[in-house]
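Chemist: Prediction below, plus the sequence it came from.
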Amino acid sequence: MEEIRLGFGPRERRDVRLRAIGLAGLIVAAALFLMSRPDGIDRPALVLLVVAFVIIVLTLLRYGSGATLLTPAGVVLATRFGRRTVPWERITRVEVCRRSGMFGPARMIARIHLADGRPMPLPGLVEAKSGLPKAEFQSQVRTLLDHWQQATGHTETVLFTP
C-alpha cells in the first residue's frame, strides 16, 4: 500500500489562512477599541477577547493546516503541532459526526475510535463552508474506510453521529 494524503488541498488551506487572518484582524480591532476608551481599559473584556482569539486560531490551524496520511503501518495524524502514528490494529471504528461551533456554521468531521475508546479527530477531514466540498469529504472518508477494512479485516461501515 502506498502512502495516501487525505485532507485539504491548496484552495482549502488558503481559505483557512484567510479566515484566520480575518478573525485576527477583527479581534485586534476590537482590542484596540477596548484599549482606546477614555474611561480606561476594560480588562475582563480584553482578556476574554485574547482567549477567544487564541482558541479560534489554534482550532483553525489544527484542523485546517493538518493532514491525515494513510500508510501501511497505520494512520499518521500530521498537524502544525506534531505527528502521531496510530497503528491500524488500534482503530476500532471510523466515524463522521456533525459539530456546530459558536463562531461558524455546522461542519462534518471524521474521527477514528481507538481500542481504548477514545475518539480522535482527523486533521484536514472537515466538511464545511471553508472546508472540503461534500463530495470530496465523502470520497476521502471512503478511502480511509477502505484502507482500514483492508488492513484489519473489519467489515463495519462508517458510523454517522448526528
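Modeler: Cool, got the structure.
Chemist: Mind listing what's buried along the longest helix seen in the chain?
Modeler: When every helix of the chain is counted residue by residue (DSSP state H), the longest turns out to be helix 10-35. Going by neighbour count (16 or more other CB atoms under 10 Å), the buried part of helix 10-35 is Glu12, Arg13, Asp15, Val16, Arg19, Ala20, Leu23, Ile27, Ala31, Leu34. Every C-beta, even on glycine, is put in place using the N, C-alpha and C of the backbone.
Chemist: What of stretch 133-149?
Modeler: Phe137, Gln138, Gln140, Val141, Leu144, Leu145, His147, Trp148.
Chemist: hmm, who's touching the helix or strand where Leu145 lies?
Modeler: Using DSSP states H and E, Leu145 falls within helix 134-152. Contact with helix 134-152 is made by 1, 4, 6-7, 68, 70, 72, 74-75, 88-89, 91, 94, 96, 108, 110, 112, 122, 125-127, 131-132, 154-158, as judged by CB atoms under 8 Å, 6 or more residues apart in numbering.
Chemist: Need the contact partners of the helix or strand following it.
Modeler: Proceeding N to C from helix 134-152, the next assigned helix or strand is strand 159-161, under DSSP H and E. Outside strand 159-161, the residues that touch it by CB under 8 Å, 6+ apart are Arg93, Val94, Glu95, Val96, Cys97, Arg98.
Chemist: And stretch 57-66, by the same measure?
Modeler: Around stretch 57-66, the neighbours that count as contacts under CB under 8 Å, 6+ apart are 7-8, 12-13, 16-17, 19-20, 23-24, 77-81, 109, 121, 123-124, 126, 130-131.
Chemist: again, 7 Å this time
Modeler: 7-8, 13, 16, 19-20, 23-24, 78-81, 123-124, 126 (CB atoms under 7 Å, 6 or more residues apart in numbering).
Chemist: likewise stretch 90-103?
Modeler: 56, 75, 106-115, 119, 141, 144-145, 148, 156, 158-162.
Chemist: Figure out how far the least confident helix or strand in the chain by mean pLDDT is from the centre of its chain.
Modeler: When the helices and strands of the chain are compared on mean pLDDT, DSSP states H and E, strand 159-161 comes out lowest with a mean of 74. In terms of CA atoms, centre = their mean, to the nearest Å, the centre of strand 159-161 is set 17 Å apart from its chain centre.
Chemist: tell me the angle the strand or helix carrying Val57 makes with helix 10-35.
Modeler: Per DSSP H and E: Val57 is located in helix 43-64. On the basis of axes from the mean of the first three to the mean of the last three CA atoms, to 10 degrees, helix 43-64 is oriented at 180 degrees to helix 10-35.
Chemist: Kind regards, and thank you for your time.
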